[in-house]
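Chemist: Please find the sequence and the predicted model below.
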Amino acid sequence: MKATLGAVVVAVVGSLAWPGLLSGASRPSFEDLLANLKSPNAKTRQEAAAALGKSRRREAVAPLAALVRDPEVKVRLEMVHALRELRDVSSVAALLTSLGDGDPEIRGEAIGAVVEIYAERDRTGPVGRFLRLFSDEFDRSSVPPYVNVDASVYQALAGALRDADNDTREAAALALGILGGTSVTKELVASLQDPDADVRGAVATALGKVANAQDGKALIPLLADESSEVRQRTLQALAVLKVKEAGPALREMYEANRRSEIGLKTLETLSRIGDPTQAEVFLQLIQDPDPAKKRLAVEGLGRISDPTRLAGFKKDYQRERNEEVRLAYSFALTLMGDRAFLDTIVLSLPSRTLGTRSRDYILEMGRDILPELYPYLNDPDASIRAALCDIIGALGDPESIPQLSRLLNDPSASVVDRANRAVERLRRSSVGKSAG
């Protein structure tokens, strides 16, 4: 009886202890995971790679990178996913090697991982959707100013523009725009002839981020592209690059689509490029009953900046009743040289309806406007001071640091925080440029 009771006790204790032992066995140590990367069992290698990606340990990069030539596709794909999670620039070399992988999914995931590492941006969902959305968020490259992208990244992505897979070529083009691939502009221009519309659209977007107005002239033929998506992306790129040579083609495109949405988009691009030879169309539209067209006409004439129209614009400003158009007049008059009208733009920054456009106007005017902005850092409205901290930080001039530093003792906590972020952004930018 005693022996039987003892056996039962042992069995019960064993049953309680065994799950713990199993639990320990199911959680291998870091060293065990490294060893499992060399297992003859592909599933073991794949699971080890996934676990190491979640470990966030930099020491895992080199062992994981060794899987770049693994015979199993699932293992190589998991390796790319793991390196993406580790977020370490030392993994970029292995990811670039993966751009030559025989599996197109791996090539695409490798491109997405490189973008996430350098641009410091997390993604959810498919890599293609991430790259398209991220690319559309910014006019220029999205790499933090203190980050230096290795030249080998641009060369590898430029090579991927010739990939046999359409999605890979599209991803490579978008990535070059996001990462600021100015050094491979020539390769991007060549890819405007790609047979796939999605690739041509991606290349147009990338050129809008990394090219100059001279390179941008290669975009003009795409205004007649068979794909509406390509035409829309081309319009955006031409607007950002201010390709004045596109003026006649844009005018023709606008006249053919006056009453459609693409017509308004074309007018917006025409307004942005500031082509003096197209002043006539703006002079016609400045009397248009449609406030959207009238606003774009005013902006367009402002960008052309003909000083002979200054006096007339001041009268028109006084007579204008629409708030958005009045703001456009303030922008145009400021560009024409009357900086007193900057006041209207700055004071509109807290507005829910006009604030975003006011911010965009100031950013477009660029660093030259900074001396006129600094006095507004003393404005009694905290929301104006806070908004200007963001704008001045975005303009990226390290010489603004002393002006912003005075707000680190501001009575508004929001202003203090935003001034601090702007100062740190400018300091990092300065360090990044020095290192470059």
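Modeler: Yep, that arrived.
Chemist: so who does Asp139 touch?
Modeler: Applying CB atoms under 8 Å, 6 or more residues apart in numbering to Asp139 gives the contacts Gly208, Lys209, Val240. Placement of C-beta: from N, CA and C, glycine included.
Chemist: Repeat the analysis, applying 6 Å as the threshold.
Modeler: Neighbouring residues of Asp139 by CB atoms under 6 Å, 6 or more residues apart in numbering: Val240.
Chemist: Point me to the helix or strand that includes it.
Modeler: Under the criterion DSSP states H and E, no helix or strand holds Asp139.
Chemist: Check the spacing between it and Ala224 real quick.
Modeler: 24 Å (CB to CB, to the nearest Å).
Chemist: Helices along the stretch 101-250 of the chain, start to end?
Modeler: Along the stretch 101-250 of the chain, counting by DSSP state H, counting those that start in this stretch, helices occupy 104-119, 127-136, 151-160, 166-179, 185-190, 197-210, 213-216, 228-241, 247-256.
Chemist: burial of the closest residue in space to Gly100 that isn't next to it in sequence, as a residue count?
Modeler: Of all residues not flanking Gly100 in the chain, Arg107 sits nearest, at 7.8 Å (CB to CB, 6 or more residues apart in numbering). Around Arg107 there are 23 other residues, counting by other CB atoms under 10 Å.
Chemist: Same question for Pro371.
Modeler: Pro371: 10 surrounding residues under other CB under 10 Å.
Chemist: Same question for Gln287.
Modeler: Counted with other CB under 10 Å, the neighbours of Gln287 add up to 10.
Chemist: sec struct for it, please.
Modeler: Under DSSP: H, G, I helix; E, B strand; the rest coil, the three-state class of Gln287 is coil.
Chemist: and the gap between it and Tyr329?
Modeler: 14 Å.
Chemist: Apart from its neighbours in sequence, what residue is nearest Leu83?
Modeler: Closest to Leu83 by CB to CB, 6+ apart is Ser91, at 4.0 Å.
Chemist: pretty sure the one you found contacts Arg84?
Modeler: No - the pair Ser91 and Arg84 does not pass the contact test of CB atoms under 6 Å, sitting 8.2 Å apart.
Chemist: Show the backbone phi and psi for Asp225.
Modeler: phi -60, psi 150 (degrees, to the nearest 10).
Chemist: and it, what is it in contact with?
Modeler: Neighbours of Asp225 in contact, by CB under 6 Å, 6+ apart: Arg231.
Chemist: and the gap between it and Thr168?
Modeler: Counting by CB to CB - Asp225 and Thr168 are separated by 21 Å.
Chemist: do the same with Leu310
Modeler: Taking CB to CB, one finds Leu310 at 52 Å from Thr168.
Chemist: and these two? which has more neighbours close in?
Modeler: Applying other CB under 10 Å to Leu310 and Thr168 shows that Thr168 carries more neighbours, namely 23 against 14.
Chemist: mind listing what the more buried one touches?
Modeler: Pro104, Arg107, Gly108, Ala160.
Chemist: which ones are touching Val325?
Modeler: Residues near Val325 by CB under 6 Å, 6+ apart: Pro291, Lys294, Arg295.
Chemist: Is it correct that the first one is in contact with Glu320?
Modeler: This points to Pro291. No - at 9.6 Å, Pro291 does not count as touching Glu320 under the criterion of CB under 6 Å.
Chemist: Pull out the buried positions in the helix or strand where Arg357 lies.
Modeler: Using DSSP H and E, the element containing Arg357 is helix 355-365. Along helix 355-365, these residues count as buried under the neighbour rule (16 or more other CB atoms under 10 Å): Arg357, Ser358, Arg359, Tyr361, Ile362, Met365.
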